[in-house]
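> okay, here's the prediction I keep looking at, along with the sequence it came from:
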Amino acid sequence: MTYVEGFVVAVPAANKDAYRKHAEQALPLFKEFGVARMVECWGDDVPDGKVTDFKGAVQAKEDEVVVFSWFEYPSKTVREAAVEKMMSDPRMATMGADMPFDGKRMIVGGFEAIVDDSGEGAMGYADGYLVPVPAGNKEAYRALATKASQVFFDHGATRVVEAWGDDVPTGKVTDYARAIKAEGDEVAVFSWVEWPSKEARQEGWKKVMEDERMKPDGSEMPFNGQRMIYGGFSPLVDA
């Protein structure tokens, strides 16, 4: 199943075009290393949260926008080989010397897809999530996510991915555990829902919220919803 390398980055709003160019220039190199798909999404509807949010996750400043992005690999083995090549290739050092964002506040990690439901059509908009899930609730979370995925598809989504934290390092400044204010043995889940357009997402969400399958059934949620992070993003690069 798909292996995901997920990123959250704070980028100065004025650097949007420079960031896009930086990503596009890096794309051939990442493909050479084995990346099957590279997606960069610019923050569009990223709300402030009461406990956690995307801005706090990367300590975004007033003039910065949150970017939610990911690499897709066919397997963890391919990703591990790619990371080894990246760490030793001098072209990566050259590229890293001129980044249009603060790399110290970027959060990154490896995630194993536990739900990956795909439809047809290009992505025009994405909902991105970071979710704190106790390790012992992995299968309960997978079951809930699988059920929700069908609802999203019924109302216009074209892909749903839920990826379980597998190689999620502790950072010096920021990291996924701090982003979700992880407690105990909680694991970060990196997930997204793809839509054909922002309009499709808006209409889809209205129907999702009204769908009886999404109503509380009295059972305990397998994650802490108060610390779930979410937002809407427009694609900058999808290749």
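Okay, I see it.
> sec struct for Trp192, please.
At Trp192 the chain is in strand, as set by DSSP: H, G, I helix; E, B strand; the rest coil.
> list the helices and strands the longest strand anywhere in the chain packs on?
In the chain, with assignment by DSSP state E, the single longest strand is strand 107-118. With contacts taken as 3 or more CB pairs under 8 Å, 6 or more residues apart in numbering; DSSP states H and E, strand 107-118 sits against strand 3-12, helix 76-88, helix 138-154, strand 159-167, helix 176-179, strand 186-195. Just so you know, the C-beta spots here come from the backbone N, C-alpha and C atoms, and that holds for glycine as well.
> what comes up buried for the second one?
Applying a neighbour-count criterion of 16 or more other CB atoms under 10 Å, the buried positions in helix 76-88 are Lys76, Arg79, Ala82, Val83, Met86.
> least confident secondary structure element in this structure?
helix 90-96 (a mean of 87; mean pLDDT, DSSP states H and E).
> contact partners of that one?
His22, Gln25, Ala26, Leu29, Met86, Gly103 (CB atoms under 8 Å, 6 or more residues apart in numbering).
> as a markdown table, those with pLDDT, secondary structure and distance to Arg37 would be great.
Shown next, in a markdown table, are the contacts of helix 90-96 (pLDDT from 0 to 100; DSSP: H, G, I helix; E, B strand; the rest coil; distance: CB to CB, whole Å):
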| residue | pLDDT | secondary structure | distance to Arg37 |
| --- | --- | --- | --- |
| His22 | 95 | helix | 18 |
| Gln25 | 94 | helix | 17 |
| Ala26 | 94 | helix | 14 |
| Leu29 | 95 | helix | 15 |
| Met86 | 92 | helix | 17 |
| Gly103 | 95 | helix | 22 |
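> would you reformat these as a markdown table and include distance to Phe68?
Converted to a markdown table, these look like this (distance: CB to CB, whole Å):
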| residue | distance to Phe68 |
| --- | --- |
| His22 | 16 |
| Gln25 | 20 |
| Ala26 | 17 |
| Leu29 | 21 |
| Met86 | 21 |
| Gly103 | 16 |
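> of these, grab the buried ones for PyMOL.
Command for PyMOL that selects the buried part of those, burial taken from 16+ other CB under 10 Å:
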select buried, resi 22+26+86
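> any idea which of the contacts of helix 90-96 is closest to Val8?
Taking CB to CB as the measure, Val8 lies nearest Gly103 of those, at 12.3 Å.
> which residues does the closest one contact?
Gly96.
> for it, give its distance to Leu144.
Gly103 sits 35 Å away from Leu144, going by CB to CB, to the nearest Å.
> swap in Cys41?
Relative to Leu144, Cys41 is positioned 24 Å away (CB to CB).
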